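Enquirer: Below is the structure, and that's it, no one-letter string:
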């Protein structure tokens, strides 16, 4: 017995394959970014917390070693603004838009008024009601 097959649509198949491939690349990049951030967090802060518990139990940790581990954790916090723009395009665009040192030539500079209007609760707003939100 042979079961008749429906005719395949090559355009739709390649489009869905391209769509899947694009999203799998984004998921892989997001996983890589998250792995790097979490890895750096654990490398920087885990020794501090282990030493903190050890200090509470036996009191045998030198103060200078404890200070070094504390500063290692602080260094992790300073690395985050470097890691985010390297791996996240949206973060890089936002930094370039608002920080003059990161702006590309030819991009318009946001005015102070537009920034303050955007960040405050003042300014023209569309009337929002529960009906409009839903």
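Expert: Right, received. Where do you want to start? These figures come from a predicted structure and were not determined experimentally.
Enquirer: low pLDDT regions in this protein?
Expert: For the chain, the stretches flagged by pLDDT under 70 are 1-19, 102-134.
Enquirer: Now with 90, please.
Expert: 1-37, 40, 59, 76-134 (pLDDT under 90).
Enquirer: Which helix runs longest in it?
Expert: The longest helix of the chain (DSSP state H) is helix 10-58.
Enquirer: and after that one, which helix or strand comes next?
Expert: helix 63-87 (DSSP states H and E).
Enquirer: now that following helix against helix 10-58, angle please.
Expert: Using axes from the mean of the first three to the mean of the last three CA atoms, to 10 degrees, one finds that helix 63-87 and helix 10-58 are set 170 degrees apart in direction.
Enquirer: Show me what helix 63-87 is in contact with.
Expert: 29, 32-33, 36-37, 40-41, 43-45, 47-48, 51-52, 55, 91-92, 95 (CB atoms under 8 Å, 6 or more residues apart in numbering). No exception for glycine: its C-beta is placed from N, CA and C like everyone else's.
Enquirer: same check, this time on stretch 22-30
Expert: Here stretch 22-30 makes contact (CB under 8 Å, 6+ apart) with residue 87.
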